[in-house]
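> Quick one: sequence plus predicted model below, questions after.
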Amino acid sequence: MAKKKPHKYTRKLQFNPKARKRIIERDEGKCIFCEMGYFNECSSDYLLDLKDIMHFVPKSQLGMGVEENGAVGCRYHHTLLDNGNKGLRSDMLQRFEQYLRGIYPEWDKTKLIYKKYDF
């Protein structure tokens, strides 16, 4: 059976290999929150060593897979950001936004959201 290609908008939400490479190079492969010395009660070196690319605007809100919408995060901080189970999500998003604005002076959250028709 042939594998179906994802819908066009679904592909736009994923970080393609080029975007992933640029984000990893930009962040030097290090978790932005660990580099900030941000909240860390993790008892697992494995979760701190495992790295992901985090979306600022999540895929569930049609956040696109572009450099300006992503950063490297360890699995621990990525989970904290996504789950918000310690009440830190709002603070983490503020810090994430400041980080991205420091790199991209013209950064605009509204430009990170997929729109089928861009009028």
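Yes, it's here. Numbering: from 1, shown residues only.
> Residue 79: which element?
Here residue 79 sits within helix 75-83, counting by DSSP states H and E.
> Now do the buried residues in the next helix or strand after that helix.
Per DSSP H and E, helix 75-83 leads on to helix 89-103 as the next helix or strand towards the C-terminus. Residues of helix 89-103 classed as buried by neighbour count (16 or more other Cβ atoms under 10 Å): 92, 95, 96, 99, 100. All C-beta atoms are positioned from the backbone trio N, CA, C, and that covers glycine.
> Next: stretch 13-28.
For stretch 13-28, by 16+ other Cβ under 10 Å, it's 13, 15, 19, 20, 23, 24, 27.
> who's in contact with that stretch?
For stretch 13-28, the external contacting residues (Cβ atoms under 8 Å, 6 or more residues apart in numbering) are 6, 51, 53, 59, 62-67, 70-72, 103, 114.
> how far does it sit from the chain's center?
Centroid displacement of stretch 13-28 relative to its chain, using Cα atoms, centre = their mean, to the nearest Å, is 10 Å.
> With only the CA atoms kept, save that stretch in CSV.
Taking Å, rounded to 0.1, in the frame of the first residue of the first chain, the C-alpha atoms of stretch 13-28 are listed here in CSV:
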residue,chain,number,x,y,z
LEU,A,13,3.4,23.0,10.3
GLN,A,14,6.4,20.7,10.4
PHE,A,15,10.0,21.8,10.6
ASN,A,16,11.6,20.6,7.4
PRO,A,17,15.2,19.4,7.4
LYS,A,18,16.6,22.8,6.4
ALA,A,19,14.7,24.7,9.0
ARG,A,20,15.7,22.2,11.7
LYS,A,21,19.4,22.5,10.7
ARG,A,22,19.3,26.3,10.8
ILE,A,23,17.6,26.3,14.2
ILE,A,24,20.1,23.8,15.7
GLU,A,25,23.0,25.8,14.3
ARG,A,26,21.5,29.1,15.5
ASP,A,27,20.9,27.7,19.1
GLU,A,28,24.2,25.8,19.0
